[in-house]
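Chemist: what follows is a predicted protein model with its sequence.
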Amino acid sequence: MPDTIFTKIINREIPADIQYEDDDVIAFNDIEPQAPVHILIIPKKPIATINDANDEDAELLGKILLAAKKIAKDKNIAEGGYRLVINTNKDAQQTVFHIHCHLLAGRKFKWPPG
Ligand code: 5GP
């Protein structure tokens with residue numbers, strides 16, 4: 001897949017406000033936050049969409065959710081609650097084609113989402 005802006009963040013070619021990092025996953029504040037807490041959790045391996053993930057990515061996808069759990073605990077939002085969102089392709093308004101999980105918190109969310 002072609003490089004995205006997120007590859008540049010992983011490679012420190014452009015700045016980001018990094019909130020969490022380990023060998024497989026990195027998380028940083030969204031540049032256009034939609035809630036008081038809005039963090040993007042991404043795999044370092046570039047995978048364009050969930051449609052492109054394979055069985056071999058199962059552990060990596062799990063690590064994204066476990067990173068979300070850790071971040072939520074660190075930010076003291078675990079008990080109050082938070083929303084995890086993975087937009088996929090155009091109907092969901094995915095704009096960056098490198099899998100990312102939005103972690104949103106700090107306000108009350110509506111359901112169903114818009
Ligand atoms: P999507 O719509 O693909 O689910 O979400 C992409 C997200 O990436 C958007 O919320 C957008 O604000 C964020 N984003 C796009 N470019 C950048 C950037 O250069 N830095 C950061 N930190 N976030 C970005």
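Modeler: Cool, the structure landed.

Chemist: the longest strand in this structure is where?
Modeler: strand 37-43 (DSSP state E).

Chemist: put the alpha carbons of that strand into PDB.
Modeler: What follows is strand 37-43 as a C-alpha-only set of coordinates in PDB (Å, rounded to 0.1, in the frame of the first residue of the first chain):
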ATOM      1  CA  VAL A  37      -9.900  12.700  24.600                       C
ATOM      2  CA  HIS A  38      -9.400  11.700  21.000                       C
ATOM      3  CA  ILE A  39      -6.400   9.300  20.400                       C
ATOM      4  CA  LEU A  40      -5.600   7.300  17.300                       C
ATOM      5  CA  ILE A  41      -4.200   3.800  18.000                       C
ATOM      6  CA  ILE A  42      -2.400   2.300  14.900                       C
ATOM      7  CA  PRO A  43      -0.400  -0.700  14.100                       C
END
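
Chemist: first-to-last residue distance for stretch 13-30?
Modeler: 17 Å (C-alpha to C-alpha, to the nearest Å).

Chemist: thinking again about what came up before, same for the longest strand of the chain, what does it pack against?
Modeler: helix 5-10, strand 18-21, strand 25-29, helix 58-74, strand 101-105 (3 or more C-beta pairs under 8 Å, 6 or more residues apart in numbering; DSSP states H and E). C-betas here are computed from N, CA, C, even on glycine.

Chemist: is the first one up against the ligand anywhere?
Modeler: Spelled out, it's helix 5-10. Yes. With C-beta under 6 Å from any ligand atom as the measure, helix 5-10 is seen reaching the ligand through I5.

Chemist: hang on, the earlier thing: and the contacts of the longest strand of the chain?
Modeler: 6, 10, 19-20, 24-30, 57, 60-61, 63-64, 67-68, 71, 75, 77, 82, 98-106 (C-beta atoms under 8 Å, 6 or more residues apart in numbering).

Chemist: quick one on the thing from earlier: now tabulate the helices and strands packed on strand 37-43 in a markdown table and tack on mean pLDDT and mean neighbour count.
Modeler: Shown next, in a markdown table, are the helices and strands packed on strand 37-43 (pLDDT from 0 to 100; neighbours: other C-beta atoms under 10 Å):
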| stretch | mean pLDDT | mean neighbour count |
| --- | --- | --- |
| helix 5-10 | 98 | 17 |
| strand 18-21 | 98 | 16 |
| strand 25-29 | 98 | 20 |
| helix 58-74 | 98 | 15 |
| strand 101-105 | 98 | 21 |
